[in-house]
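>>> My questions are about this predicted structure, shown below with the sequence.
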Amino acid sequence: MSAVMKKKYRHMMGKDPYEVALENYDVSQREIYQSNTMWGFFDRLRKEDPVHYCKESRFGPYWSITKFEDIMEVEGNPEVFSSEPSIAIMDAAPDSDYDMQMFIAMDEPKHGDQRRTVQSSVAPRNLANMESLIRERVCKILDELPIGETFDWVDKVSIELTGQMLATLFDFPFEKRRKLTYWSDVATAVPGPQSLISSYEESQKILMGECVPAFFELWQDRVNKPPQFDLISMLAHGEETKNMANERPMEFLGNLMLLIIGGNDTTRNSISGSVLFLNENPDQYEKLRANHDLVGTMVPEIIRYQTPLTHMRRTATQDTVLKGKNIKKGDKVIMWYVSGNRDEDAIDNPYDFIIDRERPRHHLSFGFGIHRCMGNRLAEMQLRIVWEEILNRFEHVEVMAEPQRTYHNLIKGYTELPVRLHAKK
């Protein structure tokens, strides 16, 4: 992209939300998420233009849906607002044959058939059986952390724990678990000088050259064995998915990346965010230290407050009207969860982090309707166990500097969070 184009698409960065004309609003710009300065723009959109049309962006024109109830309306109408061809604002490059297909970006009945194949892996009974293993691994990670020294919480705790859980869910070689994190990061990376990749072609080369062969080998192993409860075995033996690896390799890769990213980025960034939020709200941290039972309501509040995925996209299947706005067939419709979770008409004091809210699960972070996140209870369980064990060991997890945030408009997360641990007295 030329320097002129880059400057053009950074016009929101560093601006007062009321300095920019509403007709020029483009909340898809990655810079405002990396700098954590998107909030005022969404506040104004919710008040003045909750169904907003952006006529020009890096990703083409699109509609922004910013109110909680409007997002629910779009989510609840999959016949008019389709998940195909993509659930992110960005399309595949027009000249690319690298188009990963995944069930979250499919409509019924294919979506439901593939989702049901793997959903039992996170069924309540399986989660109950997993809890002791998660706790054992959390304890080991926390016990090996240095006391009184500054270290990166993202790397030592958030990435390590989610990597271990992904290896368990896939029955992937445990000693190679960081590969799962790496492939997830490659799949979601934006090319650039500070990035893991210099181009989307490099991303394709890494995933097709490393990730697919590794999982194809696991697939071949599982398909020749009795069904097990890991995700690869479920896909290999599922009626709708058993031929996927051989006949539909891009769909195989897409569903793998969906499961890896879903298990990695969302939980990982909520674990990191939880430490940051408690440091930013010391009264809530003190409340938690005084009553460990509040972990149960704190966990969904963390997930609301973090909103690990900023948005989900739908595509209009027909001309329709939403809040008086004429949406045309084929238009991109972006549901900004990050805005809906700060909607004062749906959530009391939405900008306050309150660990004992009366309705803590009243949020949009897991989506709604047929595409609601199937791993929501697993994510909550991991966060709960992490904080139960933190409280058993440490008086304070102190944030030592501002976090480094991801350069992304879909994944709202952290690349670095320096902390120091204080032992219990």
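Received the coordinates, thanks. Worth saying up front: this structure is predicted, and the values here are computed from it rather than measured.

>>> neighbours around Lys140, how many?
12 (other CB atoms under 10 Å). No exception for glycine: its C-beta is placed from N, CA and C like everyone else's.

>>> after the lowest-mean-pLDDT helix or strand in the chain comes which helix or strand?
Lowest by mean pLDDT, DSSP states H and E among the helices and strands of the chain is helix 3-8, with a mean of 48. Using DSSP states H and E, the next helix or strand after helix 3-8 towards the C-terminus is helix 30-34.

>>> Next SSE downstream of that next one?
Beyond helix 30-34 toward the C-terminal end (DSSP H and E), the next one is helix 39-48.

>>> Contacts for stretch 132-141 next, please.
Lys156, Val157, Glu160, Leu161, Gln164, Met165, Thr168, Met381, Gln382, Ile385, Val386, Glu389 (CB atoms under 8 Å, 6 or more residues apart in numbering).

>>> again, 10 Å this time
If you take CB atoms under 10 Å, 6 or more residues apart in numbering as the criterion, stretch 132-141 is touched by 127, 156-158, 160-161, 164-165, 167-168, 378, 381-382, 384-390, 392-393.

>>> After the helix or strand Trp219 falls within, heading C-terminal, what element do we hit next?
Trp219 is part of helix 212-223, with elements assigned from DSSP H and E. Later in the chain than helix 212-223, the nearest helix or strand by DSSP H and E is helix 231-237.

>>> quick one: average pLDDT of that following helix?
For helix 231-237, the mean per-residue pLDDT is 79.

>>> next one: the helix or strand just after that helix to chain centre, how far?
Once helix 231-237 ends, the next helix or strand along the chain (criterion: DSSP H and E) is helix 244-247. Remark: helix 244-247 is offset 27 Å from the chain centroid, using CA atoms, centre = their mean, to the nearest Å.

>>> Buried residues in helix 244-247, which are they?
Buried residues in helix 244-247, counted by 16 or more other CB atoms under 10 Å: Met244, Ala245.

>>> which residues touch it?
101, 114, 117, 212, 215-216, 218-220, 223, 232, 235-236, 238, 250-256.

>>> if we go to 7 Å?
The list of residues contacting helix 244-247 from outside it, by CB atoms under 7 Å, 6 or more residues apart in numbering, reads Phe216, Trp219, Leu235, Glu251, Phe252.

>>> Now do the buried residues in stretch 34-48.
Neighbour counts using 16+ other CB under 10 Å place Gln34, Met38, Phe41, Phe42, Asp43, Arg44, Leu45, Arg46 of stretch 34-48 among the buried residues.

>>> same question but for stretch 274-284, I mixed them up
Within stretch 274-284, the residues that qualify as buried are Ser274, Val275, Leu276, Phe277, Leu278, Asn279, Asn281, Gln284, counting by 16+ other CB under 10 Å.

>>> Tell me the one of those residues nearest Ser199?
Taking CB to CB as the measure, Ser199 lies nearest Leu276 of the buried residues of stretch 274-284, at 32.0 Å.
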